[in-house]
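**Q** The sequence and its predicted three-dimensional model are supplied below.
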Amino acid sequence: MLVLDSSRIGDISPLPAGQHGRAIQVQGQPESGPATATLRTSAVERTFEAAIAVTGNASMDLETCLVRDTSSRETLLGDGIVTWSHEGLASSRIFASQIENSERAAVSSFGAHVRLGSLVLQCQAFDLAAEPWNQQPASYEDLGGVLCGCPEANGSCFAETYALEPPQAIGGLE
């Protein structure tokens, strides 16, 4: 279990081969069981591919955080927060936070359940990505107070699908 409180993580570059560039990866492993993370009052800035990725049998609770300036790696993603049910169900709760300037989506779900509340999603290519994964549908739960838009986040948010693939797993998982 990871607990991150009052931290700043930023200026993450891809590996020399151009892979990854994520600031935080919460990933459950089949041999060691589920992974959990709680992130509070922190900032994650200037990353590639995904600022935060939750994958496998994993869950994350993010509260009062700022996620901004996530770039794509060549043509791969550029999402603020990715939740991906790879080798187990993944889930995220994102509350009282702000995600801004993601090159693609603020939040994406690949067959995962994501709960959103008191959230500002500002200036992304689109708000929410919803992609099925291994016959598991992507789902979002609105806890209220979620606003999207650019330059001001003062409107409704929309989930879209583009039949895209999630990023590559880390640590040899396929």
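**A** Cool, got the structure.

**Q** The residue nearest to the spatial centre of the chain is in what secondary structure piece?
**A** Among the residues of the chain, residue 81 comes closest to the average C-alpha position under C-alpha atoms, centre = their mean, at 1.2 Å. Take DSSP states H and E as the rule and residue 81 turns out to sit in strand 79-84.

**Q** who does the very next helix or strand once past that strand pair up with?
**A** Of the helices and strands lying after strand 79-84 in sequence (DSSP H and E), the nearest is strand 90-102. In the sheet, strand 90-102 lines up against strand 58-63 (parallel), strand 66-71 (parallel), strand 113-122 (parallel) (DSSP bridges).

**Q** need those strands in JSON lines with distance to residue 153 and mean pLDDT, can you?
**A** For glycine as for every other residue, the C-beta is placed from the backbone atoms N, C-alpha and C. Conversion of the strands paired with strand 90-102 to JSON lines gives the following (distance: least, C-beta to C-beta, whole Å; pLDDT from 0 to 100):
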{"stretch": "strand 58-63", "distance to residue 153": "17", "mean pLDDT": "98"}
{"stretch": "strand 66-71", "distance to residue 153": "13", "mean pLDDT": "96"}
{"stretch": "strand 113-122", "distance to residue 153": "4", "mean pLDDT": "97"}
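
**Q** which stretch among the ones you listed comes nearest residue 36?
**A** strand 58-63 (5.2 Å; C-beta to C-beta).
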